[in-house]
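> need a 3D model of the sequence below.
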Amino acid sequence: MPITPAQFGSDLRDIRAELVRQGHAITDMASKVFEAVYQRDTATAREIVTRDDAIDQADVEIERRSVDLLVRASRETCALDPKAIRSILTAVKVNNELERIADATTEVAEKVIRLGDRTTPFPKTLQVMTNSVIGIIRDVVRAFDTSDASLAGAVLASEGAVLNFNDLIVRDAEQRVADGRMTVDVAFELHGIAAMAVTMADHCTNIAEQVIYETTGQIVRHTQGKWVQLPNP
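Have a look, this model is predicted:
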């Protein structure tokens with residue numbers, strides 16, 4: 001039976017719903033892995049590592065469904081409006097970004113495992129930073145779910161704060177190593193955890209760009225130290 005625009009929309013809504021479930025699962029992973037950082041909870045860290053397999057499987061399935069839907073619509077010359085095309089392209093890109101956020105949480109979990117029972121305290125700035133990142137992930141998933149361009153814009157605006165936190169953490173770690181309060185090995189893992197938090201936030205801004213593009217047709221990119229709207233192709 002030929003696919004209709006209505007059927008395309010229904011199938012696309014199902015894909016988007018699965019993406020939102022994926023986003024919620026990844027938000028939970030990020031929240032738990034950062035708590036494991038502060039508690040040095042290697043058991044939870046190992047659980048996070050095992051959960052990544054399910055995320056990868058869902059990523060592959062969402063990609064397959066999205067591509068199949070687009071190919072079917074193209075083959076059967078289904079008359080789709082630009083919004084529908086933007087939506088399916090957005091779904092594919094958001095799927096990829098979410099999977100990379102999950103990869104970053106796994107990297108953090110592996111660092112917790114390597115830290116083991118070393119209880120050297122991390123600077124409080126790290127917890128402020130990671131709490132911010134968890135909020136950013138939660139917000140961008142909600143922005144995608146509700147097609148909220150304004151919330152996506154707020155996610156873009158949050159990137160600078162995360163980068164500033166990272167700079168503070170790096171400087172603080174260097175000082176602690178210099179005065180003997182932290183070993184080089186612990187500082188190395190701290191730097192890595194902070195870097196993964198920055199990576200998560202960066203993937204969130206990529207998703208936010210896609211939400212804005214999907215809902216408004218506007219293309220925004222980060223250039224010359226700020227977010228700017230680019231001319232549409």
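> quick one: low-confidence ranges for the protein?
The chain contains residues with pLDDT under 70 at 1, 220-233.
> could you pull out the strands in it for me?
Assigned strands in the chain, in chain order: 219-223, 226-230 (criterion: DSSP state E).
> right, and Ala197 touches Val133 too?
Yes. Under the contact definition of C-beta atoms under 8 Å, Ala197 touches Val133, with a separation of 4.8 Å. For glycine as for every other residue, the C-beta is placed from the backbone atoms N, C-alpha and C.
> so what sits against both of these two?
Taking C-beta atoms under 8 Å, 6 or more residues apart in numbering as the contact rule, Ala197 and Val133 both touch 34, 162.
> chain center to stretch 172-183: distance?
Distance, stretch centre to chain centre, for stretch 172-183: 30 Å (C-alpha atoms, centre = their mean, to the nearest Å).
> in it, which residues are buried?
Along stretch 172-183, these residues count as buried under the neighbour rule (16 or more other C-beta atoms under 10 Å): 172-173, 176-177, 182.
> give me the subset of the residues you listed lying in helices.
In helices, judged by DSSP state H, the following of the buried residues of stretch 172-183 are found: 172-173, 176-177.
> adding distance to Glu214, write these out as JSON lines.
Formatted as JSON lines, the entries for those read as follows, by distance: C-beta to C-beta, whole Å:
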{"residue": "Asp172", "distance to Glu214": "39"}
{"residue": "Ala173", "distance to Glu214": "39"}
{"residue": "Arg176", "distance to Glu214": "44"}
{"residue": "Val177", "distance to Glu214": "45"}
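> what's the closest of those residues to Val49?
Within these, distances to Val49 taken as C-beta to C-beta reach their minimum at Ala173, with 24.6 Å.
> pretty sure that closest one is in contact with Asp185, am I right?
No. When contacts are counted by C-beta under 8 Å, Ala173 is not listed as touching Asp185 (11.6 Å).
> so what's Ile48 closest to, chain neighbours aside?
Residue nearest to Ile48 in three dimensions, not counting chain neighbours: Ala109, with 4.0 Å by C-beta to C-beta, 6 or more residues apart in numbering.
> list the contacts for the one you found?
By C-beta under 8 Å, 6+ apart, the contact list for Ala109 reads 33, 36, 44-46, 48-49.
> please apply the same query to Pro82.
When the contact criterion is C-beta under 8 Å, 6+ apart, the partners of Pro82 are Gly217.
> just the helices in the protein please.
If DSSP H is used as the criterion, the helices of the chain fall at 5-39, 42-75, 82-115, 124-146, 149-157, 159-178, 184-216.
> what's the angle between the third one and helix 5-39?
Just to be clear, that refers to helix 82-115. Computed with axes from the mean of the first three to the mean of the last three C-alpha atoms, to 10 degrees, the direction of helix 82-115 lies at 20 degrees from that of helix 5-39.
> buried stuff in helix 82-115?
In terms of neighbour count (16+ other C-beta under 10 Å), helix 82-115 has its buried residues at 84, 86-88, 90-99, 101-113, 115.
> just how off-centre is it within its chain?
Distance of helix 82-115 from the chain centroid (C-alpha atoms, centre = their mean) equals 5 Å.
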